[in-house]
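> Got a predicted structure here, sequence first:
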Amino acid sequence: MSLASVVIVGAGQAGFQVATSLRQAGYGGRISLIGDEPGLPYQRPPLSKAYLLGKIGATNLLFRPENFYTEQRIELRHDRVTAIDRQNRRVLLEGGEALAYDHLVLATGAHNRPLPVPGAELEGVFGIKTKIDADTLAPLAKQARNVVVVGAGFIGLEFAAVAVSLGSAVHVLELGDRPMARAVSREMSELFSQAHHRWGVHLDFRQGLTRVIGENGRVTGVETSDGRILDADLVVFGIGVIPNTQLASEAGLDIANGIKVDANLLTSDLHISAIGDVACFPCLQNDEQPTRLESVQNAVDQGRTVAARLMGKPAPYGALPWFWTDQGDMKLQIAGLSNGYDSTVVIGSPDSAQLSVLCFRGDQLIAVESCNRPGDHLAARKILSRPPQLSPTEAAAAGFDLKAWEAANRD
């Protein structure tokens, strides 16, 4: 391989995966993995649930122990990249060093969309994005009596389930008319609404926030868009993220809802790739429309795709998207993208909180949402990754079993 040096900016899941996959494929050149957080690279999904509850410790968050990076000759750097010098193929570090690259991978991720109301700067108001956020939040969550969560997406509801299990009174404010509306069907939203109600979480839909109220610099409550005052000694918000494109934008790369890349995950500069939460790519499962996905699966598979290309095995990125969220005793797993679905078939039992929703666009199965039915999820990933296609008529037949259908229709 002719590349002597690969520099990776961003030491999250996507950046870590590129470095690891390169070494696994036999790359012998220099790999520099640059992260702006202290400590070793770590997983983020547990931060809003198992880690907050103390079910796993900091060591369990790590992708690999420290000796892994030494043994694999991955230079882990704790610094911030301030600029990309495309002409000379180097990145400039905040510490003053200039680091040369033959290929640059941007895995800069995303940051929390800020809470755009007066009082958002008060102590006791949190977004959850980093280990530092979770470490600061964990003891406060255990002490809180009244918690307000802003946003009923995955992160907000994961934290709501944690907080109510710790004994807090939890009130969730959501501008939409149902939980996880941008990610799941109405049937699955209803199942999770019922679960949170059962746990004691108050879900307040079509409701926003006008200000956060405080005394002596600390939150004491919030005012809702309809004028109510809610007590709160802790406010946690999850209202989406913004891709970290500033570095790429200042370097003159094409930006469109993230860093714009082609099917091979290359930017407008052939010496620079972008992957993970920051990359906007032509998604095969979304009619090749420019799409930006925030998931571990996407980060991992895009990291592998770039590593393979750098090792001389290029292929368009076409991995099936899949996602998950754990809330209380409910595990939701999603395979595919349900954008534009127009009909559903429900299998399983809402009463037992074991349910799968099959989402169709016309006669095409495009996504499957499974709650506490892991077998359905695994079958769905196989079905959606290859022909033949399952029809709505077949799925709606009495006694239909997704796992059995997949087994009977394998190539």
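Thanks, I have the structure now.
> Please, where are all the strands along the stretch 1-150 of the chain?
Using DSSP state E, counting those that start in this stretch, the strands found in the stretch 1-150 of the chain span residues 5-9, 30-35, 74-78, 81-85, 90-93, 98-100, 103-106, 110-112, 125-127, 146-150.
> export those to a markdown table and tack on distance to Ser168?
C-beta coordinates here come from the backbone N, C-alpha and C atoms, glycine included. Listed next are the strands of the stretch 1-150 of the chain as a markdown table, based on distance: least, CB to CB, whole Å:
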| stretch | distance to Ser168 |
| --- | --- |
| strand 5-9 | 38 |
| strand 30-35 | 33 |
| strand 74-78 | 35 |
| strand 81-85 | 39 |
| strand 90-93 | 42 |
| strand 98-100 | 46 |
| strand 103-106 | 39 |
| strand 110-112 | 21 |
| strand 125-127 | 14 |
| strand 146-150 | 4 |
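> among the ones you listed, which is nearest Trp405?
strand 110-112 (37.0 Å; CB to CB).
> Apart from its chain neighbours, what residue comes closest to Cys283?
Residue nearest to Cys283 in three dimensions, not counting chain neighbours: Thr291, with 3.6 Å by CB to CB, 6 or more residues apart in numbering.
> Test of understanding: give the bridge partners of the one you found.
Beta-bridge partners recorded for Thr291 (DSSP bridges): Phe281.
> Next up, the contacts around it.
Counting by CB atoms under 8 Å, 6 or more residues apart in numbering, Thr291 touches 280-283, 337.
> Show me which pair in these is furthest apart.
Based on CB to CB, the longest span within those runs between Cys280 and Leu337 and measures 14.5 Å.
> Contacts only, for the residue nearest to Tyr101 when sequence neighbours are not counted.
Counting by CB to CB, 6+ apart, Tyr101 lies nearest to Val7, which is 3.9 Å off, once chain neighbours are set aside. Going by CB under 8 Å, 6+ apart, Val7 touches 32, 34, 91, 99-101, 103-105.
> cutoff 10 Å now
30-34, 75, 77, 81, 84, 89-91, 99-106, 272 (CB atoms under 10 Å, 6 or more residues apart in numbering).
> before we move on, what about Ile347?
Counting by CB under 10 Å, 6+ apart, Ile347 has contacts 354-358, 368, 370, 373, 376, 395-396, 399-402.
> now the helix or strand that it is a member of, how far from the chain's geometric center?
Ile347 is part of strand 343-349, with elements assigned from DSSP states H and E. Averaging C-alpha positions (CA atoms, centre = their mean, to the nearest Å) puts strand 343-349 26 Å from its chain's average.
> Show the average pLDDT along it.
Average pLDDT, strand 343-349: 94.
> Now it - C-alpha only, CSV.
Below are the C-alpha coordinates for strand 343-349, written out as CSV (Å, rounded to 0.1, in the frame of the first residue of the first chain):
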residue,chain,number,x,y,z
SER,A,343,-48.8,0.8,6.0
THR,A,344,-47.9,-1.5,8.8
VAL,A,345,-48.4,-5.1,10.0
VAL,A,346,-48.1,-5.7,13.7
ILE,A,347,-47.1,-9.1,15.1
GLY,A,348,-46.8,-10.1,18.7
SER,A,349,-48.6,-8.8,21.8
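> Pairing partners for that strand, with directions?
With DSSP bridges as the criterion, the sheet partners recorded for strand 343-349 are strand 354-361 (antiparallel).
> Would you mark the buried spots in the partner strand?
Under the neighbour-count criterion of 16 or more other CB atoms under 10 Å, strand 354-361 has 354-360 buried.
> what's the distance between Val345 and Lys403?
Taking CB to CB, to the nearest Å as the measure, Val345 falls 15 Å from Lys403.
> And Trp199, by the same measure?
29 Å.
> ditto for Asp233
Counting by CB to CB - Asp233 and Lys403 are separated by 46 Å.
> check contacts around the nearest residue to Leu40 once chain neighbours are set aside.
Of all residues not flanking Leu40 in the chain, Leu62 sits nearest, at 5.1 Å (CB to CB, 6+ apart). Taking CB under 10 Å, 6+ apart, we find Leu62 in contact with 39-43, 68.
> likewise Glu215?
122, 221.
> ok, back up a step: among the strands of the stretch 1-150 of the chain, which comes closest to Ala319?
strand 103-106 (17.1 Å).
> Adjacent strands (with direction) for that closest one?
Sheet pairing of strand 103-106 (DSSP bridges) gives strand 5-9 (parallel), strand 272-274 (parallel).
> Buried deepest among those, which one?
strand 272-274 (a mean of 28; mean count of other CB atoms under 10 Å).
> Poorly predicted segments of the protein, please.
Within the chain, the segments meeting pLDDT under 70 span 1, 411.
> domain parsing for this structure?
Split into domains by automatic domain parsing, the chain comes to 5-111+242-310, 114-239, 329-408.
> Dump those domains to TSV, plus distance to Pro316.
Compiled in TSV, these are given as follows (distance: least, CB to CB, whole Å):
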stretch	distance to Pro316
domain 5-111+242-310	4
domain 114-239	25
domain 329-408	15
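> which parts of the strand holding Ile347 are buried?
Buried positions in strand 343-349, judged by neighbour count with 16+ other CB under 10 Å: 344-348.
> same check, this time on stretch 93-107
93, 99, 101-107.
> Which residue ranges of the stretch 251-400 of the chain form helices?
Taking DSSP state H, counting those that start in this stretch as the criterion, the stretch 251-400 of the chain contains helices spanning 296-310, 374-384, 392-395.
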